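Chemist: sequence unknown, structure follows:
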Ligand SMILES: *[C@@H]1O[C@H](CO)[C@@H](O)[C@H](O)[C@H]1NC(C)=O
Ligand SMILES: *[C@@H]1O[C@H](CO)[C@@H](O)[C@H](O)[C@H]1NC(C)=O
């Protein structure tokens, strides 16, 4: 009968297919066990002007050069001032070191002890230390040395403590934001990593305590050293970036207070239109004029210990006007593509993400994500119009020092983005105010670590495509289908054969 040889062939196929399926599965299991080297970790300390933040990152070791595989496993805010204020008050120093030790202990808890000595630890200091260094290089060196000794005493693999430049700060934050958003690589239909179709990157807006950074890829190829070329995964990006020193939130507010004092030096108290109505506070002259950013406002008879009383008037219109005067727009007069202080800025284009101080201010106004310029303006207006007691009752958990200043920050952000960077009602909604992407903070620290560990290869060929698992999946699918087909064929031949069973009494198979 014809079903005899075909039936045998089908049985043969079935056995081969089953053998292949078992072999593939066994190889896969063994591969998992022997090839997977587990997780790797890295620690970065972001030493900002107002505080230090510790981040712990982790990633699967075998996927080191892929995209979007680094997760933030810990973020710990060190209490107390930034490292640039160390050595002024021993009590304050003590608190900072104590809190630093707490954060380090937490990082030891999230990293397995056997991996501590192979886990890199980095510290990068930003604008607070840049300012101190330009003012007093010795003091800055002493602080860095102290911090270095401390980090070297830890069980981690110490890789360095340094002051990063404003340009580095800007570009690393841009890399972090775009890395986390998957703008450099994405998985295609075949499970391979490719550059996203029509790839567009997002600009990055960072507002720190002492400086503010903008970074984005302008429409036109650009001039000068304000544009950096970076090679990432085989593709070249031209990124404009600038860091405005003394334009961070804290230093800008210090400059505002200094100009207000200058204007009213004869009276017993100074009115501040950006502080809420009925808010009164007394500050030392040093806390205002002690900074490098306000040194030019010091008078001949400057006494750091004298005290100045401020009375809030909560006047949004006057606040905005006064904050406007913190920017020098005259030196841009007659120049094309100029932000302020004579600094060249190409036309802002595309999407932007605004984080750190930008995000916290929007959040205080009850806003996040994307919204219109009108919404931001009207929210600022109603926030500023609130009297101090009402404001305090509404935000009972917020520290006084922060709460009194959001009206200033909101008006500052308005002036910076609208008059400085020239965002308008059409381009403003393309800004997203957000703090993190899938639970990882948008901060320069991640981009810095990715760069230090060479985790973003310049050339596309350097990173491994995770094709192996899809090849295995394909093999499994093919042979499973073959097995099922053979089985079906066998059943059909068997049923066919049985039509003769009754007549001849012989089993066909
Ligand atoms: C901002 O909002 C206030 C109050 O709604 C309004 O008076 C003012 O004209 C607005 N400013 C701009 C520039 O839209
Ligand atoms: C990632 O890339 C770097 C530099 O290109 C290389 O040294 C490293 O071995 C790569 N890691 C993996 C897991 O491929």
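Modeler: That came through fine. Predicted, not measured: the structure shown is a model, and the values here were computed from it. Ligands and ions are numbered 1, 2, ... in the order given.
Chemist: Quick one: find the helix or strand in the chain with the lowest mean pLDDT.
Modeler: helix 3-35 (a mean of 64; mean pLDDT, DSSP states H and E).
Chemist: Provide the strand pairings for whichever helix or strand comes after that helix, with the direction of each partner.
Modeler: As assigned by DSSP states H and E, the chain's next helix or strand after helix 3-35 is strand 39-47. Strand 39-47 pairs in its sheet with strand 52-60 (antiparallel), strand 120-125 (parallel), by DSSP bridges.
Chemist: List the buried residues for the shortest one?
Modeler: When you say that, I think you mean strand 120-125. 120, 121, 122, 123, 124, 125 (16 or more other C-beta atoms under 10 Å). For glycine as for every other residue, the C-beta is placed from the backbone atoms N, C-alpha and C.
Chemist: Which of these lies at the shortest distance from ligand 2?
Modeler: Using C-beta to the nearest ligand atom, residue 120 is the member of the buried residues of strand 120-125 that lies nearest ligand 2, at 13.9 Å.
Chemist: Surely the closest one and residue 455 touch.
Modeler: No. Contact criterion C-beta atoms under 8 Å: residue 120 and residue 455 do not qualify, at 11.0 Å.
Chemist: Overlap in contacts, these two.
Modeler: residue 449 (C-beta atoms under 8 Å, 6 or more residues apart in numbering).
Chemist: Look at residue 353 and give its secondary structure.
Modeler: strand (DSSP: H, G, I helix; E, B strand; the rest coil).
Chemist: any idea how far it lies from residue 215?
Modeler: 10 Å (C-beta to C-beta, to the nearest Å).
Chemist: list the residues that contact both of the two?
Modeler: Joint contacts of residue 353 and residue 215 (C-beta under 8 Å, 6+ apart) are 203, 204.
Chemist: Show the contacting residues for the spatially most central residue of the chain.
Modeler: By C-alpha atoms, centre = their mean, the chain has its centre lying nearest to residue 442, at 1.5 Å. Contact analysis of residue 442 by C-beta under 8 Å, 6+ apart lists 173, 176, 177, 180, 204, 353, 355, 356, 434, 435, 436.
Chemist: ok, how many other residues are close to the fifth one?
Modeler: If I follow you right, that is residue 204. By the measure other C-beta atoms under 10 Å, the count of residues near residue 204 is 27.
Chemist: List the single closest residue to residue 284 in space, sequence neighbours excluded.
Modeler: residue 307 (5.8 Å; C-beta to C-beta, 6 or more residues apart in numbering).
Chemist: Phi, psi for that neighbour please.
Modeler: phi -120, psi 150 (degrees, to the nearest 10).
Chemist: And the pLDDT at it?
Modeler: With respect to pLDDT, residue 307 has a value of 94.
Chemist: number of nearby residues for it?
Modeler: 11.
Chemist: For ligand 2, see how far away it is.
Modeler: Look at residue 307 and ligand 2: by C-beta to the nearest ligand atom, to the nearest Å, they are 57 Å apart.
Chemist: what kind of secondary structure is residue 350 in?
Modeler: Going by three-state DSSP: residue 350 is coil.
Chemist: Just confirm it contacts residue 199, I think it does.
Modeler: No. Contact status for residue 350 versus residue 199: not in contact, 11.5 Å apart, counting by C-beta under 8 Å.
Chemist: picking up where we left off before, of all pairs in the contacts of residue 442, which one is the farthest apart?
Modeler: Within those, 180 and 356 form the most distant pair, 14.5 Å apart (C-beta to C-beta).
Chemist: I'd like to know how many residues surround residue 95.
Modeler: 15.
Chemist: Tell me who's in contact with it.
Modeler: Contacts of residue 95 by C-beta under 8 Å, 6+ apart are 79, 80.
Chemist: Now name the helix or strand holding it.
Modeler: Per DSSP H and E: helix 90-110 holds residue 95.
Chemist: contacts for stretch 153-160?
Modeler: For stretch 153-160, using C-beta under 8 Å, 6+ apart, the contacting residues are 43, 104, 108, 116-123, 148, 151-152, 452.
Chemist: which sections of the stretch 51-200 of the chain are below the confidence cut-off?
Modeler: 198 (pLDDT under 70).
Chemist: same thing but 90
Modeler: 60-69, 80, 88, 182, 184-199 (pLDDT under 90).
Chemist: Which stretches in the stretch 201-350 of the chain count as helices?
Modeler: 249-263, 285-289, 316-324 (DSSP state H, counting those that start in this stretch).
Chemist: and the ones you listed, which is most packed in?
Modeler: helix 249-263 (a mean of 21; mean count of other C-beta atoms under 10 Å).
Chemist: Number of residues surrounding residue 59?
Modeler: Residue 59 has 19 nearby residues by other C-beta under 10 Å.
Chemist: Cross-check the contact I'm expecting between it and residue 67.
Modeler: No. Here residue 59 does not reach residue 67: they are 10.7 Å apart, not a contact under C-beta under 8 Å.
Chemist: Pull the contacting residues for residue 412.
Modeler: Residue 412 neighbours (C-beta under 8 Å, 6+ apart): 249, 252, 253, 323, 326.
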